[in-house]
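Enquirer: Please work out how this folds:
(chains A, B, C and D)
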2 protein chains.
Amino acid sequence: MSTQMGSQAVERASALLSLIVESGAPRTFSSLVDELGLAKSTTSRLLQALERSRLVHRDRTGAFRPGVLFLVHAARPSALHDLSELARPTMERLSELSRETVNLAVPRGNQVVQIDQVDSRYLIGATSWVGVDVPAHCTALGKVLYAYGALQLPPGDLECRTPHSPVDRRQFDHALVEVRRRGWAAALDELELGLAAVGAPVRAVDGTVIAAVSVSGPTSRVNDFGIPKLGDLLVAELRGLSALLGHHPARKEGVA
Amino acid sequence: MSTQMGSQAVERASALLSLIVESGAPRTFSSLVDELGLAKSTTSRLLQALERSRLVHRDRTGAFRPGVLFLVHAARPSALHDLSELARPTMERLSELSRETVNLAVPRGNQVVQIDQVDSRYLIGATSWVGVDVPAHCTALGKVLYAYGALQLPPGDLECRTPHSPVDRRQFDHALVEVRRRGWAAALDELELGLAAVGAPVRAVDGTVIAAVSVSGPTSRVNDFGIPKLGDLLVAELRGLSALLGHHPARKEGVA
DNA sequence: CCCCAATGTTCCATAACATGGAACCAGTGT
DNA sequence: ACACTGGTTCCATGTTATGGAACATTGGGG
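Expert: Numbers count the residues shown, from 1 in each chain, chains lettered A, B, ... in the order given. The predicted model follows:
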């Protein structure tokens, strides 16, 4: 192996950095030491270097957190744009297979914000949603994000948009269980009569759901395509996208 | 110098990474080579290592962008929480000095989202704003973010909340010029009668404004304190915060 | 109050690894 | 076909990372 690839120190430092960033919680020095199996001294030096470069930050408790550089990036308006770029190929493929509108959304604050869209191939289809503010519990994207804890359902009554909108919190919670079981969510005529959507999660390396993708169109066409078929299609395609984000869903051995 | 601090490779790699992340735009290989003055070969190897670790990503044009790790972090709901933590001491100090409510906001999409708040020391003061959706052009935070290009003023009429709300776009643009000149923005009775706020920007290492902090309270008390005094206070305190983010505003030599 | 345990950092001899110059390869324009 | 820019691979060299052990530092516990 190792066709002579240089930069071992950098790789080790990067590994440290990844651990720190990927685990949401602050990491302690020793946890890093024995997770990577490096000498204490080496780990210490590498972390110092990363700290000097503001890539990690050591909080008052002595634990390591992502450094300011990550902060600066996250605070940029453009931060989410990169995700769209990464997701584009997948979305295009979904668009081609389903011929319906494909949307990408992330949780932000306590809202679902749509950050990208590939339009339907049909003349009649879901129109641009980007930026539009809708009750999340009536959407497939929202359900996915709620189901996987990427978003908290705010207390209070559930807004009702159509006779099919979910209104009972108990029932809704149950629906979320079902979403987790299947791996995808559907919203048929719940936001607007005649509008249907199916959505599934995008996972980061640690399994956290950080985004959702949906396919949406007229209920009739979506039904014709087959809701479960669409759900499975989404799940399959998004598995690939999650892999790009470093997520390996139970790592099948198979191909080297 | 160099009291023997080890990890030169890591520092170089980190420098590359910082350049890539801090400049909003994708960086080309050669621009990196001659900005850091490293050998082409060295740069190439370091970048390869960073790419293997998913810290940078090479887009189809061959330019380098922040890698998935940054994406994953930015997409985390918790991403902005770190900024709050970093800003907390500054905000506390501002709270203590002004005794009024202090707010921290970042641009997100095309909206101002408040991510942290230190409550007024008075019994009567600005109440919690976090998450509340208000017309940004009527707020000090909004004005700051608009003034420094962290946010684009959407086309269309300016919503009018009080007789003092800015409504004329021409006048508003002029006001923004003034904000840039002074370094801080004020909004007196513009959002709600009797509510006043003064805000100033937080800058990242490259000078980009990535957030804003405001002090707000009853117009009478804020006036008593002195608007310009408050403005200057904010600017002074936030200079320190920006420094934590790596911003050095014209680097005074002074102390080592 | 002292001693021990846990957690990190600094030292240092060793050699492994990163380094940069040059050769090399792939496009691209002329 | 040729020169040129932009990037990667090769390789001998010695600079620089490495890990074990010694050395701080902190924090309990008896």
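Enquirer: Spell out, range by range, the helices that occur in chain A.
Expert: A:8-22, A:29-36, A:40-52, A:68-75, A:81-98, A:140-147, A:169-182, A:219-225, A:227-244 (DSSP state H).
Enquirer: Reformat these as JSON lines; add mean pLDDT.
Expert: Compiled in JSON lines, the helices of chain A are given as follows (pLDDT from 0 to 100):
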{"stretch": "helix A:8-22", "mean pLDDT": "91"}
{"stretch": "helix A:29-36", "mean pLDDT": "90"}
{"stretch": "helix A:40-52", "mean pLDDT": "91"}
{"stretch": "helix A:68-75", "mean pLDDT": "84"}
{"stretch": "helix A:81-98", "mean pLDDT": "89"}
{"stretch": "helix A:140-147", "mean pLDDT": "96"}
{"stretch": "helix A:169-182", "mean pLDDT": "96"}
{"stretch": "helix A:219-225", "mean pLDDT": "95"}
{"stretch": "helix A:227-244", "mean pLDDT": "93"}
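Enquirer: Need the winner for burial among the ones you listed.
Expert: helix A:140-147 (a mean of 28; mean count of other C-beta atoms under 10 Å in any protein chain shown). C-beta: built from backbone N, CA, C; applies to glycine.
Enquirer: In terms of secondary structure, what does it contact?
Expert: Judged by 3 or more C-beta pairs under 8 Å, 6 or more residues apart in numbering or on different chains; DSSP states H and E, the packing partners of helix A:140-147 are strand A:101-108, strand A:111-118, helix A:169-182, strand A:185-188, strand A:195-203, strand A:209-218.
Enquirer: sorry, back to before: who wins for proximity to residue A:62 among the helices of chain A?
Expert: helix A:29-36 (7.1 Å; C-beta to C-beta).
Enquirer: Quote the end-to-end distance of stretch A:71-81.
Expert: The straight-line separation of the ends of stretch A:71-81 (C-alpha to C-alpha, to the nearest Å) is 16 Å.
Enquirer: Identify the residues contacting that stretch?
Expert: Contacts to stretch A:71-81, defined as C-beta atoms under 8 Å, 6 or more residues apart in numbering or on different chains, come from residues A:106, A:113, A:115, B:21-22, B:24, B:66, B:70-71, B:73-75, B:79-80, B:82-83, B:86, B:106-109, B:150-151, B:204-205, B:208, B:210-211, B:245-246.
Enquirer: who in chain A is up against DNA strand D?
Expert: A:3-4, A:8-9, A:12, A:38-42, A:45-46 (C-beta under 7 Å from any atom of the strand).
Enquirer: Dump those residues to JSON lines, plus distance to residue A:228.
Expert: Output for the residues of chain A next to DNA strand D, formatted as JSON lines (distance: C-beta to C-beta, whole Å):
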{"residue": "A:3", "distance to residue A:228": "45"}
{"residue": "A:4", "distance to residue A:228": "49"}
{"residue": "A:8", "distance to residue A:228": "48"}
{"residue": "A:9", "distance to residue A:228": "50"}
{"residue": "A:12", "distance to residue A:228": "45"}
{"residue": "A:38", "distance to residue A:228": "47"}
{"residue": "A:39", "distance to residue A:228": "52"}
{"residue": "A:40", "distance to residue A:228": "52"}
{"residue": "A:41", "distance to residue A:228": "55"}
{"residue": "A:42", "distance to residue A:228": "51"}
{"residue": "A:45", "distance to residue A:228": "54"}
{"residue": "A:46", "distance to residue A:228": "48"}
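Enquirer: returning to that earlier point: who wins for proximity to residue B:120 among the helices of chain A?
Expert: helix A:68-75 (25.5 Å).
Enquirer: Tell me what angle that closest one forms with helix A:81-98.
Expert: 50 degrees (axes from the mean of the first three to the mean of the last three C-alpha atoms, to 10 degrees).
Enquirer: how far does helix A:68-75 sit from the chain's center?
Expert: Distance, stretch centre to chain centre, for helix A:68-75: 19 Å (C-alpha atoms, centre = their mean, to the nearest Å).
Enquirer: Also stretch A:33-51?
Expert: 30 Å.
Enquirer: repeat for stretch A:180-187
Expert: For stretch A:180-187 - counting by C-alpha atoms, centre = their mean - the centre lies 15 Å from the chain centre.
Enquirer: Now do the end-to-end distance for it.
Expert: 15 Å.
Enquirer: next one: stretch A:31-49
Expert: End-to-end span of stretch A:31-49 (C-alpha to C-alpha): 18 Å.
Enquirer: near chain B at all, it?
Expert: Yes - residues of stretch A:31-49 contacting chain B under C-beta under 8 Å from any C-beta of the partner chain: A:45-46, A:48-49.
Enquirer: which of the residues of chain A next to DNA strand D are close to DNA strand C?
Expert: A:8-9, A:40-41, A:45.
Enquirer: Which members of these are the farthest-apart pair?
Expert: By the measure C-beta to C-beta, A:8 and A:40 form the most distant pair in those, at 17.7 Å.
Enquirer: Quick check: most distant residue from the centroid of chain A.
Expert: Distance to the chain centre peaks in chain A at residue A:41, reaching 36.1 Å (criterion: C-alpha atoms, centre = their mean).
Enquirer: quick revisit: output the helices and strands packed on helix A:140-147 in CSV; the columns should cover distance to DNA strand C.
Expert: Formatted as CSV, the helices and strands packed on helix A:140-147 follow (distance: least, C-beta to the nearest atom of the strand, whole Å):
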stretch, distance to DNA strand C
strand A:101-108, 30
strand A:111-118, 27
helix A:169-182, 36
strand A:185-188, 41
strand A:195-203, 30
strand A:209-218, 28
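Enquirer: Out of those, which gets the lowest mean score?
Expert: Note on those: strand A:111-118 shows the lowest mean pLDDT, a mean of 84.
Enquirer: one step back: any idea which of the residues of stretch A:31-49 next to chain B is closest to chain B?
Expert: residue A:49 (3.7 Å; C-beta to the nearest C-beta).
Enquirer: ok, that closest one to DNA strand C distance?
Expert: The gap separating residue A:49 from DNA strand C is 11 Å, by C-beta to the nearest atom of the strand, to the nearest Å.
Enquirer: so that residue touches residue B:10, yeah?
Expert: Yes - Residue A:49 is within contact range of residue B:10, at 4.2 Å (criterion: C-beta atoms under 8 Å).
Enquirer: Need the overlap of contacts for the two.
Expert: What both residue A:49 and residue B:10 touch, as defined by C-beta under 8 Å, 6+ apart, is the set residue A:13.
Enquirer: how far away is the nearest residue to residue A:212 once chain neighbours are set aside from DNA strand D?
Expert: Nearest residue to residue A:212, sequence neighbours excluded (C-beta to C-beta, 6 or more residues apart in numbering or on different chains): residue A:144, at 4.0 Å. With distances taken as C-beta to the nearest atom of the strand, residue A:144 is found 37 Å from DNA strand D.
Enquirer: Distance check, residue A:144 against residue A:157.
Expert: Applying C-beta to C-beta, to the nearest Å, the value for residue A:144 to residue A:157 is 22 Å.
Enquirer: what does residue A:43 give?
Expert: Counting by C-beta to C-beta, the gap from residue A:43 to residue A:157 is 52 Å.
Enquirer: again, but for residue A:119
Expert: Residue A:119 is 33 Å from residue A:157, by C-beta to C-beta.
Enquirer: same deal with residue A:247?
Expert: Residue A:247 is 35 Å from residue A:157, where distance means C-beta to C-beta.
Enquirer: Likewise for residue A:22?
Expert: In terms of C-beta to C-beta, residue A:22 sits 37 Å off from residue A:157.
Enquirer: correct me, but the residue nearest to residue A:212 touches residue A:200?
Expert: Yes - contact criterion C-beta under 8 Å: residue A:144 and residue A:200 qualify, at 6.3 Å.
Enquirer: what's the overlap in contacts for the two?
Expert: Contact criterion C-beta under 8 Å, 6+ apart; residues shared by residue A:144 and residue A:200: A:184-185, A:212, A:214.
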